[in-house]
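*Asks:* Next one to model:
(chains A and B)
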Number of protein chains: 2
Amino acid sequence: MPSPLSKRILKGEAAAAARLMRDLDDGVPAAAAEVRHLYPRAGRAHVVGIAGPPGCGKSTLVDALVAVLRKEGCSVGVVAVDPSSPLSGGAVLGDRIRMQRHASDPKVFIRSLASRGSLGGLSRSVFDTVTVMDAMGKDVILLETAGVGQDGVKIAGAAHTVLVVEAPGAGDEIQALKAGILEVGDLYVVNKRSQRGAQRLARTLRENLGGKPVLLTEALTGQGVNELLRAIELHRRSLQRGSGWEVRSGAMARTAFLELVETGFRESLLGNPLCKKLLSDIAARRSDPYSAARRALRGL
Amino acid sequence: MPSPLSKRILKGEAAAAARLMRDLDDGVPAAAAEVRHLYPRAGRAHVVGIAGPPGCGKSTLVDALVAVLRKEGCSVGVVAVDPSSPLSGGAVLGDRIRMQRHASDPKVFIRSLASRGSLGGLSRSVFDTVTVMDAMGKDVILLETAGVGQDGVKIAGAAHTVLVVEAPGAGDEIQALKAGILEVGDLYVVNKRSQRGAQRLARTLRENLGGKPVLLTEALTGQGVNELLRAIELHRRSLQRGSGWEVRSGAMARTAFLELVETGFRESLLGNPLCKKLLSDIAARRSDPYSAARRALRGL
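*Replies:* Model (predicted):
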């Protein structure tokens, strides 16, 4: 039986969804139960992961994609995972401000998540947020991460379609080929296509990607963004023609499960009396991390 | 009682250290025991973490630092955490090739680690590698990560001194202030100082860092690298004057402990029969990740 709050979320009410997300942030236990109830009712949204190095224009591109999606009548969720800290709040704001033009659109739901931790990766809040937006009935959910290294690779387990964004000047070409991104993407975008080096970067990517689509965009003016959306659509359809959609959805569920278990373990770890004792032993140099870890793994 | 291999490592023998690291890679259980035995004999090296976005010239700067450190008679370890994939081996090589001039120097030990996983962060192999190099008697260990987002922030728990490298053009100024880097660094470097925007970037950083040192370098030519090394030295001395060195070392041990426990948990998780059953339930849609995670956390 869905709760009154869940019912409102399933009707697509933004205020109800925002309320639940706030409760999740505050660690209200009832909120976690709510997400569990919403999960079986979700599963329709097309989750598009967007990764790329800082400075490649990812946020601007997401903004442009939202505009095009809205023109086509789609409702959109945006989850922006920001590696920002509280102290640099101004900088985040500067970034997010571009999204303001969609803030008053009831068919667009935007949520920024700070990737807080010293431990762990895509936090469980990413999965919770996607589930809630999905349950709201969003057609497309854009999941944006500052994807270099781990974070960028992880997105592959959390989306149906993975978009990798690059730009000339945001690191040299060798960098563009790093970070496991040759495997991780379904679609590649060279943004800032009017800048010097864009065509060469696209060529290098094409030579190394073995046939995966490489598109050129200029997110600031919207050039190429319609074509990009068509390529995203095409990818969704190719997934749905075969078993691809089910396979990806299964992988997403698997990733979410492992993340939830690991987050749960991590949370219980720091509160565990044995772990507390071992940490104080380490601090007092009565033990070393290797011996302490062995004892913790035996004792837990 | 140190084993014959440990004895050779403690004498600084590179071949022995390389052998142990290979065994660690292969998951040889005796190798893990060896690291446990080396740990209490390590703890002297100054671990310098180096983070920064792709394209800022981090690897070149590390190379230049090695050259200056060698000139001053220090032995050096380099741990480069590469977010590269097997397929892009060529690109990694391109990057690492700059270090070749130090490859034949017996006082320099270089080790590249791929940050493989879809889960987890600074892998336990980082801590193992640092421990082995420390036990070898390296004076300084440079720990380089592609530090944007999580990976970049994590380095703070794994080093005595954290260097954050930026460069003009490798993302705009707003980006430079993101990723929690204002908190994470002890020293800031604007590399590529002869490029347009370098002075302005340094000014912006200075305005936002509340007195932390901001240095300008040109890693390719070595300009400013002597001054950088002096600043690193100064930081070490300031740590050693007070309790800073102990505090940092303690934090590093704590990070290593938590990482070892989490890695151990993760490894046992995927082999656990309950977890296997839950994963197949999820795949068959008999369960959802939320319910399955609850059951896993209860049952484990």
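
*Asks:* Which parts of chain A are strands?
*Replies:* Applying DSSP state E to chain A gives strands spanning A:46-52, A:76-82, A:108-114, A:140-146, A:161-166, A:187-190, A:214-216.

*Asks:* quick check: angle from the first one to strand A:140-146?
*Replies:* Between the axis of strand A:46-52 and that of strand A:140-146 there is an angle of 20 degrees, by axes from the mean of the first three to the mean of the last three Cα atoms, to 10 degrees.

*Asks:* now the helices: where do they sit in the stretch 1-150 of chain A?
*Replies:* Using DSSP state H, counting those that start in this stretch, the helices found in the stretch 1-150 of chain A span residues A:4-10, A:14-25, A:29-38, A:58-71, A:89-96, A:100-103, A:124-136, A:150-154.

*Asks:* And these: which comes nearest B:L260?
*Replies:* helix A:150-154 (17.8 Å; Cβ to Cβ). Every C-beta, even on glycine, is put in place using the N, C-alpha and C of the backbone.

*Asks:* wait, does the top helix by length along chain A contact chain B?
*Replies:* Longest helix in chain A by number of residues, with DSSP state H as the criterion: helix A:244-271. Yes - contact of helix A:244-271 with chain B (Cβ under 8 Å from any Cβ of the partner chain) involves A:250, A:253-262, A:264-266, A:268-269.

*Asks:* Stretch A:186-196 now?
*Replies:* No - on the criterion Cβ under 8 Å from any Cβ, stretch A:186-196 is out of touch with chain B, staying 10.9 Å away.

*Asks:* ok so, going back, which stretch among the helices of the stretch 1-150 of chain A is buried most, on average?
*Replies:* helix A:150-154 (a mean of 26; mean count of other Cβ atoms under 10 Å in any protein chain shown).

*Asks:* which regions of chain A sit below the pLDDT cut-off?
*Replies:* Judged by pLDDT under 70, chain A has its weakly predicted residues at A:1, A:82-100, A:114-122, A:146-153, A:170-181.

*Asks:* For chain B, what's its nearest residue on the stretch 1-150 of chain A.
*Replies:* A:G55 (2.8 Å; Cβ to the nearest Cβ).

*Asks:* For B:E183, see how far away that residue is.
*Replies:* 21 Å (Cβ to Cβ, to the nearest Å).

*Asks:* neighbour count winner among these two?
*Replies:* Taking A:G55 and B:E183 together and counting by other Cβ atoms under 10 Å in any protein chain shown, A:G55 has the greater number of neighbours (25 against 14).

*Asks:* Would you map out the domains in chain A?
*Replies:* Domains of chain A are assigned by automatic domain parsing as A:1-41, A:43-241, A:245-300.

*Asks:* want to throw those domains into a markdown table with distance to B:L220?
*Replies:* Formatted as a markdown table, these follow (distance: least, Cβ to Cβ, whole Å):
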| stretch | distance to B:L220 |
| --- | --- |
| domain A:1-41 | 45 |
| domain A:43-241 | 13 |
| domain A:245-300 | 38 |
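
*Asks:* most neighbours per residue, which of the ones you listed?
*Replies:* domain A:43-241 (a mean of 21).

*Asks:* Compute the first-to-last residue distance for that domain.
*Replies:* 17 Å (Cα to Cα, to the nearest Å).

*Asks:* any idea how far the residue nearest in space to the middle of chain A lies from A:D134?
*Replies:* Note on chain A: the residue nearest the mean C-alpha position is A:L143, at 3.7 Å, using Cα atoms, centre = their mean. Distance of A:L143 to A:D134, computed by Cβ to Cβ: 11 Å.

*Asks:* what do these two both touch?
*Replies:* A:V47 (Cβ atoms under 8 Å, 6 or more residues apart in numbering or on different chains).

*Asks:* need the residues of the stretch 201-300 of chain A near chain B, please.
*Replies:* Residues of the stretch 201-300 of chain A lying near chain B (Cβ under 8 Å from any Cβ): A:208, A:250, A:253-262, A:264-266, A:268-269, A:275, A:278-279, A:282-283, A:288-294, A:296-297, A:300.

*Asks:* follow-up on the earlier one: looking at the strands of chain A, spot the one closest to B:L239.
*Replies:* The nearest among the strands of chain A, by Cβ to Cβ, is strand A:108-114 at 28.9 Å.

*Asks:* which other helices and strands contact that closest one?
*Replies:* helix A:14-25, strand A:76-82, helix A:89-96, helix A:100-103, helix A:124-136 (3 or more Cβ pairs under 8 Å, 6 or more residues apart in numbering or on different chains; DSSP states H and E).

*Asks:* and that strand with strand A:140-146, angle?
*Replies:* Using the same axes, to 10 degrees, strand A:108-114 lies at 30 degrees relative to strand A:140-146.

*Asks:* Give me the distance between strand A:108-114 and the centre of its chain.
*Replies:* Remark: strand A:108-114 is offset 10 Å from the chain centroid, using Cα atoms, centre = their mean, to the nearest Å.

*Asks:* next one: stretch A:35-52
*Replies:* Here the centre of stretch A:35-52 is set off from its chain's centre by 11 Å, with Cα atoms, centre = their mean.

*Asks:* How about stretch A:273-292?
*Replies:* 35 Å.

*Asks:* can you check stretch A:241-249 too?
*Replies:* The answer for stretch A:241-249 is 19 Å, by Cα atoms, centre = their mean.

*Asks:* one step back: using CSV, lay out the helices and strands packed on strand A:108-114 together with distance to chain B.
*Replies:* Rendered in CSV, the data for the helices and strands packed on strand A:108-114 read as follows (distance: least, Cβ to the nearest Cβ, whole Å):
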stretch, distance to chain B
helix A:14-25, 12
strand A:76-82, 7
helix A:89-96, 4
helix A:100-103, 16
helix A:124-136, 7
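
*Asks:* Can you say which of these is nearest to B:A14?
*Replies:* The nearest among the helices and strands packed on strand A:108-114, by Cβ to Cβ, is strand A:76-82 at 40.8 Å.

*Asks:* which other helices and strands contact that closest one?
*Replies:* So strand A:76-82, by 3+ Cβ pairs under 8 Å, 6+ apart, packs with helix A:58-71, helix A:89-96, strand A:108-114, helix A:124-136, strand A:140-146.

*Asks:* Quick one: distance of stretch A:2-22 to the chain centre.
*Replies:* On Cα atoms, centre = their mean, the centre of stretch A:2-22 falls 21 Å from that of its chain.

*Asks:* ok, and what's touching that stretch?
*Replies:* In contact with stretch A:2-22 (Cβ under 8 Å, 6+ apart) are residues A:31, A:34-35, A:37-38, A:41, A:75, A:106, A:109, A:111, A:128-129, A:132-133, A:135-137.
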